[in-house]
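Trainee: sharing a model that was predicted from the sequence below.
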Amino acid sequence: MRILRIDCSPRGDISYSRRLANEMVDELARSGASIIRRDLAEDPPLIVDAAFAAAMIAHQTGESARDVDALAPSEILIGELETSDLLVISTPMHNFTVPALLKAWIDQVVRFGRTFRSTPQGKVGLLEDRPTFIIVATGSPITGERARQPDFLTPYLTAILGTIGIHEISFIRLEGMSREALHGLAQARSTMRAQIALHRARSDARARVHPA
């Protein structure tokens, strides 16, 4: 199994989302896995520019884009997705939605003709689905009765990843970390353990239906 881990927080090792991602990836990799690490804070994705936009329309396959300088960074990021079996994204919520670093990564991997195509019925993803865990840290609660701010991150990531073919998405929320960090961390760990158990049960069921 190959795990692609994407970290977005600029706070380094003190980031709660990174700390929980460490625990989750360690647990998922216990049965044997290789890990591809993409730290967006250390190596920020390029912002889409005019050269990228023009090349994206002209080169809609990996083969066509192979020697196109404007698409080279995009091809690297898409390649990491294509070769992974499982995706873990750890991110803070910034201003009710995804941080700029994660949006820049999305703009590089959501490419017309390459990772999705348009049809009369709507956009169709061209990547294979895979289990995807998204760890989200928020300063204030965003779910339940105590929620006092909107959440545009969850529906956006669900929709945009679905656009390229990734639908098996689970969210693990670290809520209220600016005031109740210990409580938020405990709740998130409980959710994480439940999600890992469910993932393993699904994997076992798939293995019984499609033995190697």
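Mentor: That came through fine. Numbers count the residues shown, from 1 in each chain.

Trainee: C-alpha from now on. contacts and neighbour counts both.
Mentor: Fine.

Trainee: longest helix in this structure, please.
Mentor: The longest helix of the chain (DSSP state H) is helix 181-209.

Trainee: could I get the helix or strand of the chain with the lowest mean pLDDT in CSV with only the CA atoms?
Mentor: Least confident helix or strand, the chain: helix 62-65 with a mean of 90, by mean pLDDT, DSSP states H and E. The C-alpha coordinates for helix 62-65 follow below in CSV (Å, rounded to 0.1, in the frame of the first residue of the first chain):
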residue,chain,number,x,y,z
GLY,A,62,0.0,12.9,-19.4
GLU,A,63,1.9,12.0,-22.6
SER,A,64,1.1,15.3,-24.2
ALA,A,65,2.1,17.3,-21.1
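
Trainee: can you give the distance from the helix or strand just after it to the centre of its chain?
Mentor: From helix 62-65 onward toward the C-terminus, using DSSP states H and E, the following helix or strand is helix 72-82. Offset of helix 72-82 from its chain centre (CA atoms, centre = their mean, to the nearest Å): 14 Å.

Trainee: picking up where we left off before, list the buried residues for the longest helix of the chain?
Mentor: Neighbour-count burial for helix 181-209 flags 181, 184, 185, 188, 189, 191, 192, 195, 199 (criterion: 16 or more other CA atoms under 10 Å).

Trainee: stretch 97-114 now?
Mentor: Across stretch 97-114, burial judged by 16+ other CA under 10 Å covers 97-99, 101-102, 104-106, 108-114.

Trainee: again, but for stretch 153-170
Mentor: 153-154, 157-158, 160-167, 169-170.

Trainee: go on, stretch 136-143?
Mentor: Result for stretch 136-143 [16+ other CA under 10 Å]: buried residues 136, 137, 138, 139, 140, 141, 142.

Trainee: looking at that stretch now, give me its mean pLDDT.
Mentor: The pLDDT scores in stretch 136-143 average 94.

Trainee: report all helices and strands that the helix or strand where residue 107 lies contacts.
Mentor: Assigned by DSSP H and E, residue 107 belongs to helix 100-109. In terms of contacts (3 or more CA pairs under 8 Å, 6 or more residues apart in numbering; DSSP states H and E), helix 100-109 is packed against helix 72-82.

Trainee: report the distance from stretch 192-211 to the chain centre.
Mentor: Using CA atoms, centre = their mean, the offset of stretch 192-211 from its chain centre is 20 Å.
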